[in-house]
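K.L.:
Give the three-dimensional model of this entry:
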Amino acid sequence: MLPTYFYEDSRFSTIIDKSDFYKGKFQEVKHIKSMVDKAKLLLTIPEDRIVLEVAQGERFYRINFQSNDVNKTVFGYLVYLPEMKRVDIYDQSGLLLQYQNKKIVFENCSYLLSRAKVSELFKSIVLAS
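P.N.:
Model (predicted):
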């Protein structure tokens, strides 16, 4: 497992206006937009159930996935670290998958899910990074 300590204690701020953010100058903005689009398709959730956050003072991004009920419960999220070419995917239990340079480097799932190639399921999102 790659270390997660450098973003675990980061303060994340919600990006309120996504369309304005997508017009930004950072190179990773187009990748984030693509990742969000791929996540919407994969998880079959609407745009308003995906919350984009940025770490204060850093270029770490968190994309939260919310349930469709009135509570908007976060059922998973991913952390995108563009400078490290890394994507960490979390579910409600904790860190599920880590990708570095678009290749799986850590998998924390049951043997059944591993055999079902759960890491390939998220590949479309990771390839967009």
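
K.L.:
Roughly how far does the residue nearest to the spatial centre of the chain sit from residue 125?
P.N.:
Nearest to the mean C-alpha position of the chain, counting by C-alpha atoms, centre = their mean, stands residue 78 at 2.3 Å. From residue 78 across to residue 125, the span is 7 Å (C-beta to C-beta, to the nearest Å). C-beta: built from backbone N, CA, C; applies to glycine.

K.L.:
Now for the two: what residues contact both?
P.N.:
35, 39, 87, 89 (C-beta atoms under 8 Å, 6 or more residues apart in numbering).

K.L.:
Can you tell me which of those residues end up in helices?
P.N.:
35, 39 (DSSP state H).

K.L.:
Let me know whether residue 14 touches residue 53 as I believe.
P.N.:
Yes - with contact defined as C-beta atoms under 8 Å, residue 14 and residue 53 form a contacting pair (5.3 Å).

K.L.:
what about these two, which has more around it?
P.N.:
residue 53 (18 against 10; other C-beta atoms under 10 Å).

K.L.:
Three-state assignment for the residue nearest to the centre of the chain, please.
P.N.:
strand (DSSP: H, G, I helix; E, B strand; the rest coil).

K.L.:
out of everything not next to it in sequence, what's closest to it?
P.N.:
Excluding its sequence neighbours, the residue lying closest to residue 78 (C-beta to C-beta, 6 or more residues apart in numbering) is residue 89, at 4.7 Å.

K.L.:
Now do the contacts for the one you found.
P.N.:
76-78, 95-99, 122, 125.

K.L.:
I'd like the residues you listed laid out as a markdown table, including distance to residue 49.
P.N.:
Conversion of these to a markdown table gives the following (distance: C-beta to C-beta, whole Å):
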| residue | distance to residue 49 |
| --- | --- |
| 76 | 11 |
| 77 | 12 |
| 78 | 14 |
| 95 | 22 |
| 96 | 19 |
| 97 | 21 |
| 98 | 24 |
| 99 | 23 |
| 122 | 17 |
| 125 | 15 |
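
K.L.:
Select from those residues every entry located in helices.
P.N.:
Using DSSP H, the contacts of residue 89 in helices are residue 125.
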